[in-house]
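Q: Need the 3D shape of this:
(one chain, ligands or ions: 1)
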Amino acid sequence: MQCKDFYVRARSLVAALGFALVGAFVLGAVPGKAGAEEGRPWPLQLRGQMERLAEVGFRLQRAAAPLCREQASGTGIVLDFIGAYQEKDRPAVSALLGMSQLPQIAAVVEGSPGEKAGLMPGDDVVAVNGKPVLELLAEQKDAALFADFLAGYLADQARDTPIMLQISRDGRRSMVAVVTVPVCRANVVIKTDSGVSAYTDGKGVAVSSGLIEFTRNDDELALVVGHELGHLVVEDGDARSLSERRWMEDRADILGVRLSHCAGYDLEQGLQYWLRRDAGDWLRWFRDPTHRSRKSRVRRMRAEGSHLLCPPSAQVSRVGRAN
Ligand SMILES: [Zn+2]
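A: Sure, this is the predicted structure:
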């Protein structure tokens, strides 16, 4: 992946991951210009991207749960909050997305605990386990980060009892019990940036909206996010040498293949991402010496695809690394 960025950006990202989703909104940037999305107002484009990343991220986090040092309570819902948008955009965003002053459920992953509990996109969250969300908001320094904070709050709830969510739908309040599932603790967020990049800081994965648009299907997106999650699972940090860094990248490729397979995605479809990115990119190696040529990576990932098991193992053999 764009893990050439891993080194440089990882440190600054430690603080920025919570910021990433919000930064996206605060910038108010148009999330891109790709074909099918063209013509839709940017808040709706962004919602579409959030939905895709929510599903891919949740399925991968589930698949990675046995490998992660820290697990969290997974709900399969993604939250959004009006305070994350620029003030000038809020009236339009409210109208387009039906947002109130409460955090809103932006996406509910199919088959997830949230969907099983009956939650729907557009529901407002009023209280979590009896704690009013507006009280939680009042405790926050930065309202722009509130959706992110609340997502972490849900992830931190005990797994032995359902999370009781009070929601508001069309002005009617009701109580919903969400029976969570264990997921790998990793905050998967969108960063509004037209560049094609994804990276991890060891706590979460940030994916640019440009990358989400570049991917033609969720198999491609899953292989890319799976690679980043692979780094996170084995806690890759600073490498002492270029060869160690390349080894980390090779391993993340293999783990990405395993995780996306166990999350139910198709490897061959996913690999098309790398084949397309390879086209016309002659200068790649000079920019990015830590990764092998993309053809070589695709060959290795295909080879891994012939003996996949679920749940996946985090053990990757270092032998047979010939280019
Ligand atoms: Zn990488």
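Q: What are the buried residues along stretch 218-238?
A: By neighbour count on 16 or more other CB atoms under 10 Å, the buried set for stretch 218-238 is 218-234, 236. Using the backbone N, CA and C atoms, a C-beta is placed for each residue, glycine as well.
Q: what about it, near the ion?
A: No - Stretch 218-238 is not in contact with the ion by CB under 5 Å from the ion; minimum separation 5.5 Å.
Q: secondary structure element for Ala303?
A: Here Ala303, judged by DSSP states H and E, is contained in helix 294-304.
Q: Please apply the same query to His231.
A: helix 218-233.
Q: list the buried ones in the helix or strand following that helix?
A: Next along the chain after helix 218-233, taking DSSP H and E as the criterion, comes helix 242-262. Neighbour counts over helix 242-262 (16+ other CB under 10 Å) mark 245-262 as buried.
Q: next structured bit after helix 242-262?
A: Later in the chain than helix 242-262, the nearest helix or strand by DSSP H and E is helix 267-278.
Q: what's that next one packed up against?
A: Here helix 267-278 touches helix 218-233, helix 242-262, helix 294-304, going by 3 or more CB pairs under 8 Å, 6 or more residues apart in numbering; DSSP states H and E.
Q: The shortest one near the ion at all?
A: No - Helix 294-304 stays out of contact with the ion when judged by CB under 5 Å from the ion, the minimum separation being 10.3 Å.
Q: just to revisit the earlier point, any buried residues in the helix holding Ala303, and which?
A: Arg294, Arg297, Val298, Arg300, Met301, Glu304.
Q: At the geometric centre of this structure, which residue do we find?
A: Nearest to the geometric centre of the chain sits Val188, at 2.8 Å (CA atoms, centre = their mean).
Q: Remind me which helix or strand the residue nearest to that residue when sequence neighbours are not counted belongs to.
A: Nearest non-adjacent residue to Val188, counting by CB to CB, 6 or more residues apart in numbering: Gly57, 3.5 Å away. Element membership for Gly57 (DSSP H and E) is helix 42-64.
Q: so how far is that helix from its chain's centroid?
A: Taking the mean of its C-alpha atoms, helix 42-64 sits 6 Å from the chain's own mean (CA atoms, centre = their mean, to the nearest Å).
Q: what's the distance between Tyr265 and Ser73?
A: With distances taken as CB to CB, to the nearest Å, Tyr265 is found 23 Å from Ser73.
Q: ok, these two, which is more surrounded?
A: Neighbours of Tyr265 and Ser73, each counted by other CB atoms under 10 Å, are more numerous for Tyr265; the result is 24 against 21.
Q: next one: phi and psi at the more buried one?
A: Tyr265 has phi and psi values of phi -100, psi 160 when expressed as degrees, to the nearest 10.
Q: give the contact list for it.
A: The neighbourhood of Tyr265, defined by CB atoms under 8 Å, 6 or more residues apart in numbering, consists of Val56, Arg59, Asp218, Asp219, Ala222, Leu223, Gly226.
Q: Kindly report the same for Lys131.
A: Per CB under 8 Å, 6+ apart, neighbours of Lys131: none.
Q: How much space separates it from Leu137?
A: For Lys131, the distance to Leu137 - CB to CB - is 11 Å.
Q: Which strands border the strand or helix carrying Ile190, and is each parallel or antiparallel?
A: Counting by DSSP H and E, the element that carries Ile190 is strand 187-191. Sheet pairing here is set by DSSP bridges, and for strand 187-191 it gives strand 204-208 (parallel).
Q: Establish whether the strand it pairs with and the ion are in contact.
A: No - Strand 204-208 lies out of reach of the ion by CB under 5 Å from the ion, never closer than 10.7 Å.
Q: Contacts made by that strand with the rest, please.
A: Counting by CB under 8 Å, 6+ apart, 13, 16-17, 20, 53, 57, 186-200, 221, 224-225, 228-229, 232 sit against strand 204-208.
Q: out of those, which are buried?
A: Buried among those (16+ other CB under 10 Å): 13, 16-17, 20, 53, 57, 186-194, 196-200, 221, 224-225, 228-229, 232.
Q: quick one: low-confidence parts of the protein?
A: Applying pLDDT under 70 to the chain flags the ranges 1-38, 278-292, 319-323.
Q: Go again with 50.
A: 1-2, 4-36, 320-323 (pLDDT under 50).
Q: Val207: neighbouring residues, count only.
A: 29.
Q: returning to that earlier point: from the buried residues of helix 242-262, which are also near the ion?
A: Glu249, Ala252.
Q: picking up where we left off before, the inter-axis angle of the helix holding Gly57 versus strand 187-191?
A: Angle between the axes of helix 42-64 and strand 187-191 is 150 degrees (criterion: axes from the mean of the first three to the mean of the last three CA atoms, to 10 degrees).
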